[in-house]
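>>> Got a predicted structure plus its sequence, pasted below:
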Amino acid sequence: MLKEFVMQKLPTAFCHASTVIKLRQGGYMCCWFGGSHEGNADVAIYGSRRIKGQWSEPVKLADGDEANWNPVLFYAESGELQLFYKQGQKIAEWRTFVLKSKDDGQTWSEAIELVPGDESGGRGPVRNKPIRLASGRVLAGGSTEHGIWQAFADICDDGKTWRKSSPVAIAGLVYEAGEKTAESDIAVSAQSFFGRGVIQPSLWQDDSLMVHMLLRSSEGFVYRSDSHDEGETWCKAYPLSLPNNNSGLDVVRAAFDGELYLLCNPVAANWGVRSPMSLLKSTDNGCTWTKLYDLATEKNEFSYPALIAEKDGLTLTFTWKRENIVFFHIASSELRAGNTQQVPYQVPYIF
């Protein structure tokens, strides 16, 4: 198992919300946001490339007039490397911008708005990597935070235009306007403590070509939704027995064994502590889960994971105490280790 920090020296007061990708010319790229405090106007998007085992000095890649958030790296069908990110002081009015690189992240285009004029709270990927379906369609997990939080899949069939799927929500959820849902000392933007529901989906496609998402929630547990039509429509969000602390998670289906891997904080409390950071595995398309490793266990913040699968194992990053981004590579042979406690969830909802 390889474990290392991305930065030798943090260029800002904090860092958070990393994304990682395997570069086609070899090595990796990691991006994150940082500044004086989450949500402040000086928060920018930074990036570093790992070439021949060494991380480059962080470079500022995007710095709009307002706060910048949640970078996501993804390769277009053309081979261009794309960097999506959010911009805006209010989360409910985020706009999504994208940078493009033809040389694996060495140089970048000017930022353009992904869906011009859209101020609904962000288009494209809200935090986690998009997926490319067997048909070639790209699905990005999106969400909005307008009192009742809702998710959706943003759909791209032509590499250029995006359209939203049906919404994904928890049926019957009630929220009073202006109601603060938790008291917490986690260093997030204060506006995050208002609202309730599901956000930040992470997606996969199974052998039957159904598409599924796992969702961060305010309700103490991971939620799930499923689609029979390549992400056009989704069933209502339903809870698993997997705990969730209203913080980010990421799931990937690995080509090396066909199984699912999930990285999250398994803590059943709204705005609960962001530790431990745990890696879980499912061999039955998400019906039961086995915890393989606790990757960080101190009483501190280990959060917002990014998880990708390669031919020889898993690569992942996450926020380390808001002081650095930690990078892991775990070989496929090592993933058989860990404890064997099964964590089942309820029978999947059928629609």
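That came in fine, so what should we check first?
>>> How confident was the prediction at the residue nearest the centre of the chain?
The centroid of the chain falls nearest to residue 128 when counting by C-alpha atoms, centre = their mean (2.8 Å). At residue 128, the model reports a pLDDT of 98.
>>> Quick check: it touching residue 213?
No: Residue 128 is beyond contact range of residue 213, at 9.3 Å (criterion: C-beta atoms under 8 Å). For the C-beta atoms, the positions are set from N, CA and C on the backbone; glycine is no exception.
>>> related to what we said a few turns ago, show me what contacts the nearest residue to the residue nearest to the centre of the chain once chain neighbours are set aside?
Spatial nearest neighbour of residue 128, chain neighbours left out: residue 202 (4.4 Å); criterion: C-beta to C-beta, 6 or more residues apart in numbering. Counting by C-beta atoms under 8 Å, 6 or more residues apart in numbering, residue 202 touches 128, 129, 141, 213, 214, 215, 249, 250, 251.
>>> circling back: three-state assignment of the residue nearest to the centre of the chain?
Following DSSP: H, G, I helix; E, B strand; the rest coil, the label given to residue 128 is coil.
>>> From residue 55, how far out is it?
Counting by C-beta to C-beta, to the nearest Å, the gap from residue 128 to residue 55 is 22 Å.
>>> now residue 186
The value you get for residue 186 to residue 55, if C-beta to C-beta is used, is 27 Å.
>>> go on, residue 24?
On the measure of C-beta to C-beta, residue 24 and residue 55 end up 18 Å apart.
>>> More neighbours: which of the two?
Each of residue 24 and residue 55 had its neighbours counted (other C-beta atoms under 10 Å), and the higher figure belongs to residue 55 (20 against 10).
>>> any low-confidence regions in this structure?
In the predicted model of the chain, residues 337-351 satisfy pLDDT under 70.
>>> ok, residue 177 to residue 199 distance?
18 Å.
>>> for residue 36, same thing?
On the measure of C-beta to C-beta, residue 36 and residue 199 end up 25 Å apart.
>>> Which of those two has more residues huddled nearby?
Applying other C-beta under 10 Å to residue 36 and residue 199 shows that residue 199 carries more neighbours, namely 25 against 12.
>>> Apart from its chain neighbours, what residue comes closest to the more buried one?
Here the residue nearest residue 199, using C-beta to C-beta, 6+ apart, is residue 143, at 3.8 Å.
>>> Can you name the residues that contact that neighbour?
Per C-beta under 8 Å, 6+ apart, neighbours of residue 143: 121, 122, 126, 149, 150, 151, 152, 198, 199, 200, 201.
>>> Return the distance of the strand or helix carrying the fifth one from the chain's centre.
According to DSSP states H and E, residue 150 maps onto strand 148-156. A distance of 13 Å separates the C-alpha centroid of strand 148-156 from that of its chain, computed with C-alpha atoms, centre = their mean, to the nearest Å.
>>> Quick one: list the elements packing against the helix or strand that comes right after it.
Following strand 148-156 in sequence order, the next helix or strand is strand 163-164 (DSSP H and E). Here strand 163-164 touches strand 148-156, going by 3 or more C-beta pairs under 8 Å, 6 or more residues apart in numbering; DSSP states H and E.
>>> still on that earlier bit, kindly reformat the contacts of residue 143 as JSON lines containing distance to residue 292.
As requested, the contacts of residue 143 are exported to JSON lines (distance: C-beta to C-beta, whole Å):
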{"residue": "121", "distance to residue 292": "34"}
{"residue": "122", "distance to residue 292": "32"}
{"residue": "126", "distance to residue 292": "27"}
{"residue": "149", "distance to residue 292": "29"}
{"residue": "150", "distance to residue 292": "32"}
{"residue": "151", "distance to residue 292": "27"}
{"residue": "152", "distance to residue 292": "31"}
{"residue": "198", "distance to residue 292": "25"}
{"residue": "199", "distance to residue 292": "26"}
{"residue": "200", "distance to residue 292": "22"}
{"residue": "201", "distance to residue 292": "23"}
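>>> Which parts of stretch 39-52 count as buried, going by neighbours?
Using 16 or more other C-beta atoms under 10 Å as the test for burial, stretch 39-52 gives 39, 43, 44, 45, 46, 47, 48, 49, 50, 51.
>>> For it, measure first residue to last.
34 Å (C-alpha to C-alpha, to the nearest Å).
>>> what distance separates that stretch from the centre of its chain?
16 Å.
>>> what do you get for stretch 65-83?
Worked out by C-alpha atoms, centre = their mean, stretch 65-83 lies 13 Å from the chain centre.
>>> closest to residue 258 among the buried residues of stretch 39-52?
The closest of the buried residues of stretch 39-52 to residue 258 turns out to be residue 50 (C-beta to C-beta; 27.2 Å).
>>> For the closest one, give me its contacts.
With C-beta under 8 Å, 6+ apart, residue 50 has these contacts: 6, 27, 28, 29, 30, 56, 327.
>>> shouldn't the second one be in contact with residue 49?
Yes: taking C-beta under 8 Å as the contact criterion, residue 27 and residue 49 are neighbours in contact, 6.1 Å apart.
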